[in-house]
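Trainee: how does the following fold in three dimensions:
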Amino acid sequence: MDSRPEQTAQCLSQESRDIIIESLAKEKKSIRGLQKEIEQVRGKKKSLSSIHRFLQSIGAKAFHQIPAPKLTEKNVEDRMWFCEFLSEWTSDDFLFLAPSDEFFIYEAGRPNFQNDRIWALHNDDIPQELKIREKSKTARCVGVFLMFTAKRLMWVIKEQGQSWDGKYLRDVVLTRHVIPFLRNPENVLSIKETTFLHDRAPCMSALATQNFLKANEVDFFGNDEWPGASPDLNACEHLGAILKDRVEQRFQNTREELLTALTNVLEKWSSIVTCLCLSWNPTPRVWRQFGRRAVGTPNIEAKL
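Mentor: Here you go, the predicted structure:
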């Protein structure tokens, strides 16, 4: 029987234990930070292992906070120009967009990072706005490419072990799926007027990919038009975030179960996705807000 929790309880005073317990489910409360706080309050330095063992003894777990990206002045300037350009669009104009995004869906949340841990007894104890995921050392995941138009939802599930590099994107995702999808009149309102909207990921913004889209006569916003760090300007990125939450909330033991849960949600959405373009029609005032900060798209989840 392991006696280390009892040894930890003896080497930590009640005041030190109260400091640790009070720090649960709060930001910037790493084990090293707790060590410094105990030293400041009590004048005695406790070992990191003692604090870690005490957290384990009370059932606390490490969680990872996912911070929101910060906008630089250049990001704001680019977004303001793009928002001004789109501010004259009507509801009909938005129906000719084909937003897309690629992402990973994890079986038990994304892997952890040492400096962004939040210790808590349960996931539910942490405020929802912190957007946490429980730490997992060997998290299984599935790569997904998602795109929708005013008529159809299209998705590609990445082969196991394949990375999201430019060659895979061009040879498989674009050539076999995206381009044939956009050239099918059953999937778009107008083949010539539909604009492919990407997320400016490295594989998308690569010069080879941009030239590939031009060579295949795909209308899209180039790197000089589409601003970076703009998830709230691409409705598909919000759709992807909702999809990840829906699937990751379900417990999966195997990759097959994860794929089944993912496919079930996507097939359900395929019958109602046409309402997404209709909900994504911000006013000029909202476009200006998008240029300055991330404000989200509450209408999308309500329709799913």
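Trainee: what kind of secondary structure is the closest residue to residue 234 other than its chain neighbours in?
Mentor: Nearest residue to residue 234 in three dimensions, chain neighbours excluded: residue 99, at 5.3 Å (Cβ to Cβ, 6 or more residues apart in numbering). The way it works is simple: take the backbone N, C-alpha and C, and place the C-beta from them, glycine included. Assigned by DSSP: H, G, I helix; E, B strand; the rest coil, the conformation of residue 99 is strand.
Trainee: and residue 99, what does it touch?
Mentor: Applying Cβ atoms under 8 Å, 6 or more residues apart in numbering, we find residue 99 in contact with 147, 148, 197, 234, 235, 236, 237, 239.
Trainee: one more: residue 24?
Mentor: Counting by Cβ under 8 Å, 6+ apart, residue 24 has contacts 60, 119, 120, 121, 125.
Trainee: ok, and the most crowded of these?
Mentor: Top of the contacts of residue 24 by neighbour number is residue 119, holding 24 neighbours under the definition other Cβ atoms under 10 Å.
Trainee: check that one and give its pLDDT.
Mentor: Here, the pLDDT recorded for residue 119 equals 69.
Trainee: likewise for the one 3 residues further on?
Mentor: Confidence at residue 122, expressed as pLDDT, is 72.
Trainee: ok, now residue 132?
Mentor: Taking residue 132 on its own, its pLDDT is 49.
Trainee: got it, and residue 196?
Mentor: 93.
Trainee: give the next helix or strand downstream of the host helix or strand of it.
Mentor: Here residue 196 sits within strand 195-197, counting by DSSP states H and E. Using DSSP H and E, the helix or strand that follows strand 195-197 in sequence is helix 202-205.
Trainee: who touches that following helix?
Mentor: With Cβ under 8 Å, 6+ apart as the test, helix 202-205 has contacts from 102, 164, 165, 166, 168, 169, 198, 209, 223.
Trainee: tell me which element the last one is part of?
Mentor: Under the assignment given by DSSP H and E, residue 223 is not contained in any helix or strand.
Trainee: just give the number of residues close to it.
Mentor: 15.
Trainee: same thing with the third one?
Mentor: With neighbours defined by other Cβ under 10 Å, the count for residue 165 comes to 12.
Trainee: next one: it from residue 208, what distance?
Mentor: For residue 165, the distance to residue 208 (Cβ to Cβ, to the nearest Å) stands at 11 Å.
Trainee: and the gap between the nearest residue to residue 168 once chain neighbours are set aside and residue 106?
Mentor: Distances taken as Cβ to Cβ, 6+ apart place residue 162 nearest to residue 168, at 5.7 Å, with adjacent residues excluded. Using Cβ to Cβ, residue 162 is found at 17 Å from residue 106.
Trainee: mind checking the SS state of residue 105?
Mentor: For residue 105, the secondary structure call by three-state DSSP comes out as strand.
Trainee: next one: it from residue 176, what distance?
Mentor: Where residue 176 is concerned, residue 105 sits at a distance of 21 Å (Cβ to Cβ).
Trainee: neighbour count winner among these two?
Mentor: residue 105 (24 against 11).
Trainee: any idea of the pLDDT on the more buried one?
Mentor: For residue 105, the model assigns a pLDDT of 81.
Trainee: is it true that it touches residue 241?
Mentor: No - using Cβ atoms under 8 Å, residue 105 makes no contact with residue 241, being 10.6 Å away.
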